[in-house]
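Engineer: show me the folded form of this:
(4 chains)
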Protein chains: 2
Amino acid sequence: MSDLRLTPTSYIVLGMLELCGEATPYELKALAAQGVGNFWSLQHAQLYTETARLAEAGYLDEEREEGGRRRKRYRMTDRGREALREWTEAPTDQFTELRDLALLKLFFGADPAGLAEVQLEIHRARLAEYEALREEAAGLPQSGPALTLEAGLGHEREWVQFWEKLSG
Amino acid sequence: MSDLRLTPTSYIVLGMLELCGEATPYELKALAAQGVGNFWSLQHAQLYTETARLAEAGYLDEEREEGGRRRKRYRMTDRGREALREWTEAPTDQFTELRDLALLKLFFGADPAGLAEVQLEIHRARLAEYEALREEAAGLPQSGPALTLEAGLGHEREWVQFWEKLSG
DNA sequence: ACCGTCATGTAATCGGTTACATGATTCT
DNA sequence: AGAATCATGTAACCGATTACATGACGGT
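Structural biologist: You can find the predicted model right below:
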């Protein structure tokens, strides 16, 4: 029940547990991969340490499965739900830097065309993925994930345009 | 002369030292603030530890000033220049995630309009800064920094559009 | 029965952030 | 001269990445 600082990682875990009710760290890994991981991914090891941390601080309940692998299953406590709600409700004025490695190389004088060739490939691929995701979700009611997908699409288009201008 | 892994932070230090010849960590801090810090900022403490690390591994020369604060001044060695050149020349296929805190809140159900209000403010301000920078640099020959500024402009416009759609 | 691969978890390391600390300099 | 602020630097802490380790399972 100790105090701790909640990081974005903490809220990702809390948020996913709210969506799915209860899960083992391994299940959270799968859940992250198909959702929030598209724009904020975690190492799988983080899911083990973070759930343990949150449980110790009273934000999660921990329960060991009997038999087999005796895996730990987690579910939110009221305290966890409350923390997530407060966080979600409060807007943030944090500014996100680009922090793009290719851009960093460009800044320090790298050859634009060379960078563009490989960056175009990955950004076009990602853009195609996002467009496929949007197809799938077409018609579904608007939702948080759908909105973030729109943001991702916009920025990927921007990257593609940017590197296209620099290629060749 | 030990071995170490060079991180983006390392290359920022090396890159800045190539630009300015030699500097103390404190001077690097100022240099970073007006340039690369716009899209990849560092804590000032990093500049002390990173220069020391690079010097120990032979990428930088370290020299103490006599008298006064006896500050340490750093300059690149041939090894440092070589490392920077190799890094700059090699394209990267690293994909950069958005990792935006406001987007994360949106994903987990935050109220779009509330977020948009404060996000619009900061992104509009940043966009204005970038436009001013471009004014200043108008006419100057194309350069790495100028290209990254274009990228920044594009993404800031994208953010502004995105949050505008969600506001009100 | 064996081998390779996926599932699942823990431990060690390390960069980065935060906090702290002291020497200059300016202002009143 | 004293207070406040800026310049400059070091130390401690902690989250995140990396490396390691073992158990289950499918195929041959």
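Engineer: how close does the residue of chain A at minimum distance from DNA strand C get to A:Thr77?
Structural biologist: For chain A, the residue closest to DNA strand C is A:Arg71, as judged by CB to the nearest atom of the strand, at 3.2 Å. In short, each C-beta sits where N, CA and C put it, glycine included. Distance check for A:Arg71 against A:Thr77: by CB to CB, to the nearest Å, it reads 19 Å.
Engineer: which one's more surrounded, the two?
Structural biologist: Between A:Arg71 and A:Thr77, A:Thr77 has the larger neighbour count (other CB atoms under 10 Å in any protein chain shown), namely 16 against 12.
Engineer: which stretches of chain A have low pLDDT?
Structural biologist: Scanning chain A for pLDDT under 70 picks out the ranges A:1-3, A:65-70.
Engineer: mind listing the helices for it?
Structural biologist: A:8-20, A:25-34, A:44-56, A:78-89, A:101-107, A:112-137, A:144-166 (DSSP state H).
Engineer: what is the fourth one packed up against?
Structural biologist: It refers to helix A:78-89. helix A:8-20 (3 or more CB pairs under 8 Å, 6 or more residues apart in numbering or on different chains; DSSP states H and E).
Engineer: ok, the helix it packs on near chain B or not?
Structural biologist: Yes - interface with chain B: helix A:8-20 contributes A:8, A:11-12, A:15, A:18 (CB under 8 Å from any CB of the partner chain).
Engineer: now do stretch A:114-132
Structural biologist: Yes - using CB under 8 Å from any CB, stretch A:114-132 reaches chain B at A:114-115, A:117-119, A:121-123, A:126.
Engineer: and these, which are buried?
Structural biologist: By neighbour count, with 16 or more other CB atoms under 10 Å in any protein chain shown, the residues of stretch A:114-132 next to chain B hold A:115, A:118-119, A:122-123, A:126 as buried.
Engineer: quickly note the distance from A:Thr96 to B:Leu6.
Structural biologist: Counting by CB to CB - A:Thr96 and B:Leu6 are separated by 25 Å.
Engineer: an error on my part: the question was meant for A:Glu62.
Structural biologist: For A:Glu62 relative to B:Leu6 (CB to CB), the value is 40 Å.
Engineer: could you find the closest non-adjacent residue to the residue nearest in space to the middle of chain A?
Structural biologist: Nearest to the mean C-alpha position of chain A, by CA atoms, centre = their mean, lies A:Trp40 at 2.7 Å. What sits nearest to A:Trp40 in space, not counting adjacent residues and going by CB to CB, 6 or more residues apart in numbering or on different chains, is B:Arg99, at 5.2 Å.
Engineer: right, and that neighbour touches A:Gly37 too?
Structural biologist: No - contact between B:Arg99 and A:Gly37 fails when scored by CB atoms under 8 Å: they sit 11.1 Å apart.
Engineer: near DNA strand D, which residues of chain A?
Structural biologist: A:4-5, A:7-9, A:42-43, A:45-46, A:49-50, A:53, A:68-69 (CB under 7 Å from any atom of the strand).
Engineer: count the residues that sit near A:Leu106.
Structural biologist: A:Leu106, neighbours per other CB under 10 Å, totals 27.
Engineer: the one 5 residues further on now?
Structural biologist: The local packing of A:Asp111 (other CB under 10 Å) involves 14 other residues.
Engineer: list the contacts of it.
Structural biologist: Contacts of A:Asp111 were listed using CB atoms under 8 Å, 6 or more residues apart in numbering or on different chains, and they are B:Glu89.
Engineer: likewise A:Thr77?
Structural biologist: Taking CB under 8 Å, 6+ apart, one finds A:58-61 in contact with A:Thr77.
Engineer: which of those residues are buried?
Structural biologist: A:58-60.
Engineer: write out the residues of chain A neighbouring DNA strand C.
Structural biologist: A:24-26, A:44-45, A:48-49, A:69, A:71-72.
Engineer: dump the residues you listed to CSV, plus distance to chain B.
Structural biologist: CSV is the format used below for the residues of chain A next to DNA strand C (distance: CB to the nearest CB, whole Å):
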residue, distance to chain B
A:Thr24, 20
A:Pro25, 19
A:Tyr26, 21
A:His44, 16
A:Ala45, 18
A:Tyr48, 21
A:Thr49, 19
A:Arg69, 29
A:Arg71, 25
A:Lys72, 23
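Engineer: these, buried ones only, as a ChimeraX selection?
Structural biologist: With 16+ other CB under 10 Å as the burial test, the buried ones among the residues of chain A next to DNA strand C are selected in ChimeraX as follows:
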select /A:24,25,48,72
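Engineer: surely A:His123 and A:Trp159 touch.
Structural biologist: Yes - assessed by CB under 8 Å, A:His123 is found in contact with A:Trp159 at 4.4 Å.
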